[in-house]
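In: build me a model from this:
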Amino acid sequence: MKQDLESLLDSARQAARLGAEKIREIYEQYLLGGNIGIREKGRDNPITAADMAANQIITKMLKSMFPDHAILTEEEPDSWDKTGSEWVWMIDPLDGTSDFIKANGEFVTMVGLTHSGKPTIGVVVEPATGLELYACKGLGAYKNWLSQEQTSSRVKIPDTTDSKHLRLAVSRSHRDPRVDKFIQLLKVQDVILSGSVGRKVAMVISGQVDIYVHPSGGTNLWDTCACEAIVSEAGGVLLSGTGEKISYLRSSRDIENPYGLLVCPKQLLDKVIWASRKVWGLM
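Out: Okay, here's the model as predicted:
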């Protein structure tokens, strides 16, 4: 099984890299004035040519390599009933589309894989910088820079958090008013804004922030699958915004995380769950 998982991880990394490379190519053209074909999928939910191009590259590769696996991807609504299979790829080809459009570099490509409903493999690549985070269940979490091959290093979420000087990552584009109550409850000292779920998770893992919360709806399974696999192997915790485990085995088309999510080191978990449940009016 270990060898099988390592092979699956290699495939996930290859797919995520290829998708991210395409996004970077389009992004560089965009910075020079190129057209990225912006349109709206729904309210405050834009999509670009980069989303679609990366999605096509990633899904085509994974379908050809693993024809028996299910694929759940943000850009293909017809795939949103695929959580019940043994192996399910959960893909967000461009997480942070609004930030891609703003040209601030804060967006990532995410490829995750569940086995029997449990996040098992996760890859997050930041096209603008070449940062790659990846993990496989039981094999650890790693950080790499795509411009520096063969330099992967093991990553662990710092366990020396100063609880009197907490740093919080929150969404730049989708900040919910509940965040302010969370800040008050935990007496957060520093608030850092960033685009992309995957990017804010990377900030927790690297020690740039202590906590990341998204206390509202709007995230989906493809936003948390890869991230949960990486956070878990890095020694942290990713849960729903009310402190429960996120279920990846759902009824057809049930893909939203209605209470959002939280990410933190294990030593802060009790405090973070307490504050999150207070924010949601559950205590």
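
In: confidence score at residue 3?
Out: At residue 3 the predicted local confidence, pLDDT, stands at 53.

In: export the helix or strand where residue 191 lies as PDB, just CAs?
Out: Assigned by DSSP states H and E, residue 191 belongs to strand 190-194. Provided in PDB are the C-alpha atoms of strand 190-194 (Å, rounded to 0.1, in the frame of the first residue of the first chain):
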ATOM      1  CA  ASP A 190      -2.300  40.400  14.100                       C
ATOM      2  CA  VAL A 191      -4.700  39.900  11.200                       C
ATOM      3  CA  ILE A 192      -3.200  38.900   7.900                       C
ATOM      4  CA  LEU A 193      -5.300  39.100   4.800                       C
ATOM      5  CA  SER A 194      -4.700  36.700   1.900                       C
END
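
In: contacting residues for residue 122?
Out: Neighbouring residues of residue 122 by Cβ atoms under 8 Å, 6 or more residues apart in numbering: 12, 110-113, 133-135, 225-230. Glycine gets a C-beta too; all of them are placed from N, C-alpha and C.

In: how about a cut-off of 6 Å?
Out: 112, 135, 226, 229, 230 (Cβ atoms under 6 Å, 6 or more residues apart in numbering).

In: in its sheet, which strands sit next to the strand or helix carrying it, and in what direction?
Out: For residue 122, the host element (DSSP H and E) is strand 118-126. Its sheet considered, strand 118-126 pairs with strand 108-115 (antiparallel), strand 131-136 (antiparallel) by DSSP bridges.

In: residues touching the shortest one, excluding its own?
Out: So that's strand 131-136. Contacts for strand 131-136 (Cβ under 6 Å, 6+ apart): 5, 9, 13, 121-125, 141-144, 146, 202, 229-230, 233.

In: buried ones among the residues you listed?
Out: 5, 9, 13, 121-125, 141-144, 146, 202, 229-230, 233 (16 or more other Cβ atoms under 10 Å).

In: which of those residues fall in strands?
Out: 121, 122, 123, 124, 125, 141, 142, 143, 144 (DSSP state E).

In: what sits against the nearest residue to the first one once chain neighbours are set aside?
Out: Looking back up the chat, that one is residue 121. In space, and not counting its chain neighbours, residue 121 is closest to residue 113: 4.1 Å by Cβ to Cβ, 6 or more residues apart in numbering. By Cβ under 6 Å, 6+ apart, the residues touching residue 113 are 89, 120, 121.

In: for residue 92, same thing?
Out: 74, 110, 222.

In: neighbour-wise, which one of the residues you listed leads?
Out: residue 110 (33 neighbours; other Cβ atoms under 10 Å).

In: for the spatially most central residue of the chain, grab phi and psi.
Out: Centroid-nearest residue in the chain: residue 198, 3.3 Å away (criterion: Cα atoms, centre = their mean). Per-residue torsions, residue 198: phi -60, psi -40 (degrees, to the nearest 10).

In: that one and residue 219, how far apart?
Out: 11 Å (Cβ to Cβ, to the nearest Å).

In: list the buried ones in the strand holding residue 191?
Out: residue 194.

In: domains in this protein, by residue range?
Out: Using automatic domain parsing, the domains assigned to the chain come out as 2-154, 167-279.

In: closest one to residue 160 among the ones you listed?
Out: domain 167-279 (8.8 Å; Cβ to Cβ).

In: what's the span of that closest one, first residue to last?
Out: This stretch, domain 167-279, spans 18 Å end to end (Cα to Cα, to the nearest Å).

In: state the mean pLDDT of it.
Out: 94.

In: which one of the domains of the chain is the most hemmed in?
Out: Stretch with highest mean neighbour count among these: domain 167-279 (a mean of 21; mean count of other Cβ atoms under 10 Å).
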